[in-house]
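J.: here you go, sequence then predicted model.
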Amino acid sequence: MSDLPRKAVTRTAKLAALPLGFAGRATWGLGKRIGGRSAEIVGRELQQRTAEQLFKVLGELKGGAMKFGQALSVFESALPEEIAGPYRAALTKLQEAAPPMPTSTVHSVLAERLGEDWRELFEEFEDKPSAAASIGQVHRAVWHDGREVAVKVQYPGAGQALLSDLSQLSRFARLLGPLIPGMDIKPLITELRDRVSEELDYALEAEAQRAHAEEFADDPDVLVPAVVHQSDQVLVTEWMDGVPLSEVIADGTDEQRDRAGQLLARFLFSGPARTGLLHADPHPGNFRLLPKDDPDGTGEEWRLGVLDFGTVDRLPEGLPPTIGTSLRMTLDGEAEAVYQQLCQEGFVKETIDLDPDAVLDYLLPIIEPAQVEEFTFTRSWMRNQAARIGDPRSPAYQLAKRLNLPPSYLLIHRVTLSTIGVLCQLGATVRLREELEAWMPGFMAAEEAEIAEFGEHLTEEAAEDTVGESTA
């Protein structure tokens, strides 16, 4: 098997073949229909063949092509069911695996980055990768101190490949757009391209992972592996077993699905408040469900394991309070106040004039999960939202075209959408409002926040009194 294709001509040719392949299969489908086969059967076969080619090419190229595929895969639940079936298997393949690097290439990178005597750092090292992703692959090993570790090795030429792929894919954005109704593909590709340098920098990744590992060290519900060693193109962290979220999506029990969804929402919303960082790559391949060592008898016997901190949004002040405040005012039906805040933050440009009530009508269905104590995320709900916003005949589509997404909110927006996509794939019932009240600045009304704080204070005083009485 060849190494990661690095020559621009080779990679461009593979990507350029995608739209040609789409056209060829459309012609093939027309011929089949003329030959008497039903349009429905031909259409299904056409979708399946298109999916297989698209994601086979993205997976083989790794780099930015696969990164784009992984970013798209979390929106699978927005596809209409007649299309989702053929695409689903091909999309989810990108969440966990890709063709591996040759062993000789892996050894060369390790020798160059860890020294010719790199084997002395390990008691054991498995040449066969345990996972492969967009810019690197992971090998299971035993560190010289006996700890089981994951060794992430970056593909040679990954940076050049990432930039080349994403530049090519941006040219095909209009063709790829129909894969996810209601989503503008071009800004997604642009944002992925802008973050290439960060994702390639394993020093930045190690720093972000250490911050999370330290903050969540004693957390009963979230586990982040510690960083063991880091150098250019090589990152060694503690090994973590568990059930990949992609498997929970495919075969998990209702309890596993609900628990995974709750903890995913909790981790992603609490992270900025606790670490000043937002994990910005929430596709299922980056999460594991692990059994607790000591179940507490509440039925919550699972914890969430989190991997891959190569893409993070740095939010030293936490999530912007504007988001929480706008959510709260929308739930309270304060159309004018919501509209004014959106204007102030740049979501509505100065040259645009919108009806505040129409904006409220547009937002309310999107934030339905925050209106109730618990909400069951489903593919059908996601499809309805995508269809409502993606149908050019709908008022929601016309209004969405006139809204603006300020650059500072771009990554937060993508992470939120991706998380909702995963929750819908899980079909999880989640107490989202509970997590928003706990972690989203501005979401709780001032009076509610004071009451909650007063309640916590009373609880602490009661606990101190109990300790005092038992001591006496």
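T.: Structure received. Keep in mind it's a predicted model, so treat the numbers as computed, not measured.

J.: the stretch 251-400 of the chain: strands as residue ranges?
T.: 277-279, 287-291, 302-306, 312-314, 375-376 (DSSP state E, counting those that start in this stretch).

J.: surely Ile142 and Glu124 touch.
T.: If you look again at residue 142, you'll see it is Val, not Ile. Yes - counting by C-beta atoms under 8 Å, Val142 does reach Glu124; the two are 4.2 Å apart. From N, CA and C alone the C-beta is placed, and that goes for glycine too.

J.: ok, those two, which is more surrounded?
T.: Val142 (15 against 11; other C-beta atoms under 10 Å).

J.: that one: what secondary structure?
T.: At Val142, secondary structure determined by DSSP: H, G, I helix; E, B strand; the rest coil is strand.

J.: tell me the pLDDT at it?
T.: Predicted confidence (pLDDT) at Val142: the value is 98.

J.: how close does it get to Pro441?
T.: Using C-beta to C-beta, to the nearest Å, Val142 is found at 43 Å from Pro441.

J.: restrict stretch 360-371 to CA atoms and write it as CSV.
T.: Coordinates of the C-alpha atoms in stretch 360-371 are reproduced here as CSV (Å, rounded to 0.1, in the frame of the first residue of the first chain):
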residue,chain,number,x,y,z
LEU,A,360,-38.4,34.5,17.0
ASP,A,361,-40.5,32.1,14.9
TYR,A,362,-37.3,31.0,13.1
LEU,A,363,-35.4,30.4,16.3
LEU,A,364,-38.1,28.7,18.5
PRO,A,365,-38.1,25.3,16.7
ILE,A,366,-34.3,25.1,16.8
ILE,A,367,-34.2,25.6,20.5
GLU,A,368,-37.1,23.2,21.2
PRO,A,369,-34.7,20.8,23.2
ALA,A,370,-34.2,23.6,25.8
GLN,A,371,-37.9,24.3,26.3
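
J.: tell me the mean pLDDT over that stretch?
T.: 93.

J.: now do the buried residues in that stretch.
T.: 360, 362-363, 366, 369-370 (16 or more other C-beta atoms under 10 Å).

J.: could those residues go into TSV alongside distance to Gln209?
T.: Output for those, formatted as TSV (distance: C-beta to C-beta, whole Å):
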residue	distance to Gln209
Leu360	40
Tyr362	38
Leu363	35
Ile366	32
Pro369	29
Ala370	30
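
J.: can you list the domains in this protein?
T.: Domain ranges of the chain: 8-95+169-180, 243-441, per automatic domain parsing.

J.: low-confidence bits of this structure, can you list those?
T.: For the chain, the stretches flagged by pLDDT under 70 are 1-99, 133-134, 161-189, 191-195, 294-300, 445-472.

J.: run the last query once more with 80
T.: Counting by pLDDT under 80, the chain contains low-confidence ranges at 1-100, 132-135, 157-199, 293-300, 386-387, 390-392, 407, 445-472.

J.: Lys137 looks like it's in a strand, true?
T.: No Lys there; residue 137 is Gln. Yes - counting by three-state DSSP, Gln137 is found in a strand.

J.: residues in contact with it?
T.: Each residue near Gln137 by C-beta atoms under 8 Å, 6 or more residues apart in numbering is listed here: 98, 100-101, 106, 129, 131, 152-153, 155.

J.: can you tell me which of those residues are in strands?
T.: Judged by DSSP state E, the contacts of Gln137 include 131, 152-153 as members of strands.

J.: pick the one among these closest to Tyr202.
T.: Lys152 (7.6 Å; C-beta to C-beta).

J.: so what's the residue count around that closest one?
T.: Around Lys152 there are 24 residues (other C-beta under 10 Å).

J.: related to what we said a few turns ago, mind checking which of the buried residues of stretch 360-371 are in helices?
T.: Using DSSP state H, the subset of these located in helices is 360, 362-363.

J.: quick one: contacts of the strand or helix carrying Glu247?
T.: Glu247 belongs to helix 245-251 when assigned by DSSP states H and E. Here helix 245-251 makes contact (C-beta under 8 Å, 6+ apart) with 92, 95-96, 256-257, 260, 264, 284-289, 422, 425-426.

J.: how many neighbours does His197 have?
T.: You called it His, but residue 197 is Ser. Counted with other C-beta under 10 Å, Ser197 comes out at 11.

J.: in contact with it, which residues?
T.: For Ser197, the contacting residues are Gly159, by C-beta under 8 Å, 6+ apart.

J.: same thing with Ser231?
T.: 113-114, 202.

J.: among these, which ones are buried?
T.: Judged by 16+ other C-beta under 10 Å, buried ones among the contacts of Ser231: 113-114, 202.

J.: closest to Tyr397 out of those?
T.: Tyr202 (41.7 Å).

J.: do I have it right that that closest one meets Val236?
T.: No - between Tyr202 and Val236 there is no contact under C-beta under 8 Å: 9.9 Å.

J.: give me the common contacts of those two.
T.: With C-beta under 8 Å, 6+ apart as the test, Tyr202 and Val236 both reach 152, 230.

J.: for stretch 341-353, buried residues please.
T.: Buried-residue list, stretch 341-353, by 16+ other C-beta under 10 Å: 341-343, 345, 347-348.

J.: mind putting these into TSV with distance to Thr330?
T.: Output for the buried residues of stretch 341-353, formatted as TSV (distance: C-beta to C-beta, whole Å):
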residue	distance to Thr330
Gln341	10
Leu342	10
Cys343	15
Glu345	14
Phe347	12
Val348	14
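
J.: okay, among those residues, which ones form the most distant pair?
T.: Largest separation among the buried residues of stretch 341-353 by C-beta to C-beta: Gln341 and Val348, giving 9.7 Å.

J.: and the helix or strand hosting Ile412, what's buried?
T.: Following DSSP H and E, one finds Ile412 within helix 407-426. Buried residues in helix 407-426, defined by neighbour count with 16+ other C-beta under 10 Å: 409-412, 414-426.

J.: which residue packs closest to Phe122, ignoring adjacent ones?
T.: Ala141 (4.9 Å; C-beta to C-beta, 6 or more residues apart in numbering).

J.: I'd say that neighbour and Pro129 touch.
T.: No - the pair Ala141 / Pro129 is not scored as a contact, 11.1 Å apart, by C-beta under 8 Å.

J.: just the CA trace of the helix holding Glu247, in CSV.
T.: Taking C-alpha atoms only, helix 245-251 is exported to CSV below (Å, rounded to 0.1, in the frame of the first residue of the first chain):
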residue,chain,number,x,y,z
LEU,A,245,-19.7,6.1,20.3
SER,A,246,-20.1,4.9,16.7
GLU,A,247,-20.8,1.4,18.1
VAL,A,248,-23.2,2.8,20.7
ILE,A,249,-25.0,4.5,17.7
ALA,A,250,-25.2,1.3,15.8
ASP,A,251,-25.9,-1.3,18.6
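
J.: check contacts around Gly427.
T.: 257, 376-379.

J.: go again with 6 Å.
T.: 257, 378 (C-beta atoms under 6 Å, 6 or more residues apart in numbering).

J.: ok, the buried residues of stretch 360-371 vs Ala386, which is closest?
T.: Ile366 (10.9 Å).

J.: list the residues that contact Met101.
T.: Met101 neighbours (C-beta under 6 Å, 6+ apart): Gln137.
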